[in-house]
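> Okay, predicted coordinates and the sequence, questions at the end:
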Amino acid sequence: MTDTDPIEFDDFLLLVGKLNYSWTNTESLLIHLIAGLTGVEKEVALVVFLTLNTTRARIDLVQRLAKMERTSAPERERILDVTNRISKLAALRNRYNHCIYAFDTDGGNPRSILMRIADRKNEIKVGQVYELNQVAAADVDAAIHSLKHINKEIWTMVRDFGYPA
């Protein structure tokens, strides 16, 4: 089997489902960081979290709160590190959640087609295509494992900094 060999589409969808579960579970931990950084109860932080309806907005809030003078340098560094790592994984997640899937009638690899407009200086690009093969599956699997480690790290920070759990 080579890296460019196709993956069974159902197997790939299972991986995307695991990615979504891991993502949602980990992103929800930002509630604890919001509570700790703002000094509010977890329920108040939950309302703030749910009011911000994008991952980017939630991460921006946590990063901005961490950058405030009242946040200690070690606390700031750990929070910015973990939120930067989440942000880097967002592109992969978006690739398989904001797409359509296409199938080759000749039996080639299925593909994802990103449903996004990329504005360039003098043009737009739409529909970036990604092959669904062993490399893509390995990337998703690696992201799932990264999210697992990030999740554990956030829980450690919640305990270390005495944030509401």
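That came in fine, so what should we check first? Residues are numbered from 1 along each chain as shown.
> From here on, just use CA atoms for contacts and neighbour counts.
Will do.
> Against the centre of this protein, work out the most remote residue.
Computed with Cα atoms, centre = their mean, the residue of the chain farthest from its C-alpha average is Asp106, at 33.5 Å.
> what about that one, which SS state?
Using DSSP: H, G, I helix; E, B strand; the rest coil, the structure places Asp106 in coil.
> Might you report the residue contacts of it?
Going by Cα atoms under 8 Å, 6 or more residues apart in numbering, Asp106 touches no other residue.
> Okay, it and Asn25: tell me how far apart.
38 Å (Cα to Cα, to the nearest Å).
> ok, back up a step: what's the separation between the residue farthest from the centre of the chain and Val158?
For Asp106 relative to Val158 (Cα to Cα), the value is 52 Å.
> Pull the contacting residues for Thr105.
Contact analysis of Thr105 by Cα under 8 Å, 6+ apart lists nothing.
> likewise the one 10 residues further on?
If you count contacts by Cα under 8 Å, 6+ apart, Met115 has them with His98, Cys99, Ile100, Val126, Gly127, Gln128.
> Check Glu77 too.
For Glu77, the contact set (Cα under 8 Å, 6+ apart) is empty.
> Please identify the helix or strand for it.
Assigned by DSSP states H and E, Glu77 belongs to helix 73-97.
> Pull out the buried residues from that helix.
In terms of neighbour count (16 or more other Cα atoms under 10 Å), helix 73-97 has its buried residues at 75-76, 79-80, 82-83, 86-87, 89, 93, 95-97.
> And for stretch 135-148?
Residues Val135, Ala136, Ala137, Val140, Asp141, Ala143, Ile144, Leu147 are the ones in stretch 135-148 that count as buried (16+ other Cα under 10 Å).
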